[in-house]
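A.B. asks: Sequence first, predicted coordinates after that:
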Amino acid sequence: MKYFFLSDGWKVGRVWGVGGEWNHSAWRRQPDIQQLNLCLCDSRNEKMWLYRVEDAVLMVEVQPGPTVDRTDPAKNIGNVTLTRLIDAEQVLERLGTIATRCEISNPQLM
C-alpha cells in the first residue's frame, strides 16, 4: 500500500498507474483510494487527511473541492499532481516528527 496526505476540502482527480492514466475499461474497476480516519491539524486548524492507495497507483492528481475558499491567495491553486507517494514507514516517521495535533475519528473501530 501507498499513502499520501491531502488537505481538507480537496478531492482526488485523475489517477495514473503503470500503463499511464487509469483506464476504467481496461482495469474494469476504479482505483482503490480510501480516506482513512486519521488527520493532522496544524495551529490554524487546517486538517491534512491520510489516504491509502493500492500499489498499482503511481501518481494522483488532486484539486480543490467546492468548499475551498478560492479568494484566499494561499489556496488559489487549480490542481496538483502527487508523484511521490509514501509507504507506511514514512507515514509513521512524519507522524512522529510533525509538530501538529493528530486526530483519529471513531477510535472504537480500531
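C.D. replies: Nice, I can see it. Numbers count the residues shown, from 1 in each chain.
A.B. asks: May I have the longest helix belonging to the chain as CSV, with CA atoms only?
C.D. replies: The single longest helix within the chain, with elements called by DSSP state H, is helix 88-97. This file holds the C-alpha atoms of helix 88-97, laid out as CSV (Å, rounded to 0.1, in the frame of the first residue of the first chain):
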residue,chain,number,x,y,z
ALA,A,88,3.6,3.1,5.9
GLU,A,89,7.1,3.6,7.5
GLN,A,90,7.3,7.1,6.1
VAL,A,91,3.8,7.9,7.4
LEU,A,92,4.8,6.9,10.9
GLU,A,93,8.0,8.9,10.5
ARG,A,94,6.0,12.0,9.6
LEU,A,95,3.5,11.5,12.4
GLY,A,96,6.4,11.3,14.9
THR,A,97,8.2,14.4,13.7
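A.B. asks: from the chain's centre, how far out does it sit?
C.D. replies: 15 Å (C-alpha atoms, centre = their mean, to the nearest Å).
A.B. asks: Could I get the average pLDDT for it?
C.D. replies: For helix 88-97, mean pLDDT is 86.
A.B. asks: Now do stretch 17-30: distance to the chain's middle.
C.D. replies: Mean-position distance between stretch 17-30 and its chain equals 19 Å (C-alpha atoms, centre = their mean).
A.B. asks: Correct me if wrong: residue 35 contacts residue 51.
C.D. replies: Yes: between residue 35 and residue 51 a contact is recorded at 5.4 Å, counting by C-beta atoms under 8 Å. C-beta: built from backbone N, CA, C; applies to glycine.
A.B. asks: Report the set of residues contacting both of those two.
C.D. replies: Shared contacts of residue 35 and residue 51 (C-beta atoms under 8 Å, 6 or more residues apart in numbering): residue 6.
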